[in-house]
Structures are given as C-alpha cells and as structure tokens.
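> Need the 3D shape of this:
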Amino acid sequence: MARVKRGVTGHARHKKVYKAVKGHYGRRKNTIRIARQSMEKANQYAYRDRKNKKRTFRALWIQRINAAVRPFGLTYSRFIDGLIKAGVLVDRKVLAELAIAEPTAFQVIVEKAKAAMPAPA
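Sure, this is the predicted structure:
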C-alpha cells in the first residue's frame with residue numbers, strides 16, 4: 001500500500017489561515033506560525049466585540065432618546081417610566097429612530113408618556 005503524503009492537506013490548511021489573515025500587517029499575513037496566532041487573537045476580539053456591539057448601540061440609543069425628550073421637559077428615565085405606565089411597548093432602537101426621522105410621531109409618544117405620569121405634587 002502506498003504511503004500517504006500530507007503536503008496537499010497541509011497546504012490547504014495553511015491556505016485557509018492565510019485567507020483569514022489577509023490584510024494583516026507584516027509577517028502576520030505570510031508566516032504560518034505568526035499568522036495562526038494573529039487569526040486566533042482576531043477571532044477572540046470578534047467574539048468579544050459581538051457582545052460589546054449590543055451594549056454600545058443600546059447606550060447610543062439611550063443618549064439619543066434622552067437628548068430628544070429634554071425639549072419636552074423630561075429626562076430619559078422619567079420618559080421610560082411614563083411609557084411603561086402608558087402601556088406603550090416600543091423598544092429603544094425604534095424610539096431613537098423615530099426621534100431622528102419622525103419627530104412628529106415621537107412627539108405623540110412623548111405626550112402619551114407624559115399623560116400617563118402622575119401630576120407633580
């Protein structure tokens with residue numbers, strides 16, 4: 001029985017790594033040992049930052065909503081409290097989009113939230 005030479009599979013595996021690190025700087029893109037390390041680290045960052053992206057966007061939406069409700073004499077937390085009491089189920093992403101793209105629709109939502117809040121004593 002003929003012996004199996006592994007050059008083809010090795011080259012294929014290397015090619016997969018090189019394709020993944022295309023665009024990296026210096027030897028990280030063309031030396032297999034360093035390229036593999038670079039690829040593993042890049043995958044770690046990608047995994048971590050998929051989670052962080054959700055956090056970052058939620059913070060952005062909250063900042064936009066807060067800035068949009070200030071002219072109506074509300075803060076973000078009082079606005080969200082009013083929405084909950086009014087039974088309005090709109091997520092922060094949509095609220096932020098409405099505040100930017102549809103100010104009149106956002107104003108209607110703010111009025112509903114204000115109406116559901118108890119009068120200041």
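
> do you know how far residue 114 is from residue 8?
70 Å (CB to CB, to the nearest Å). From N, CA and C alone the C-beta is placed, and that goes for glycine too.

> Residue 88 now?
Distance of residue 88 to residue 8, given as CB to CB: 62 Å.

> So which of residue 114 and residue 8 has more stuff around it?
residue 114 (16 against 9; other CB atoms under 10 Å).

> Find the nearest non-adjacent residue to the more buried one, please.
Nearest residue to residue 114, sequence neighbours excluded (CB to CB, 6 or more residues apart in numbering): residue 82, at 6.1 Å.

> quick one: that neighbour from residue 110, how far?
Applying CB to CB to residue 82 and residue 110 gives a distance of 8 Å.

> Spit out the residues that contact the two alike.
In terms of CB atoms under 8 Å, 6 or more residues apart in numbering, residue 82 and residue 110 are both contacted by the residues residue 74.

> tell me how far stretch 18-37 is from the chain's mean position?
27 Å (CA atoms, centre = their mean, to the nearest Å).

> Which positions in that stretch come out as buried?
Using 16 or more other CB atoms under 10 Å as the test for burial, stretch 18-37 gives 18, 20-21, 24, 28-29, 35-36.

> For the residue nearest the centre of the chain, pull up the helix or strand it's in.
Nearest to the geometric centre of the chain sits residue 53, at 2.9 Å (CA atoms, centre = their mean). Secondary structure assigned from DSSP states H and E places residue 53 in helix 32-69.

> Show me what that helix packs onto, helices and strands only.
For helix 32-69, the packing partners by 3 or more CB pairs under 8 Å, 6 or more residues apart in numbering; DSSP states H and E come out as helix 7-20, helix 76-86, helix 92-101, helix 103-116.

> Could you tell me how far residue 41 is located from residue 76?
37 Å.

> Tell me who's in contact with residue 77.
So residue 77 contacts nothing (CB under 8 Å, 6+ apart).

> Quick check, pLDDT for the residue nearest to residue 114.
Residue 82 is assigned 94 on the pLDDT scale.
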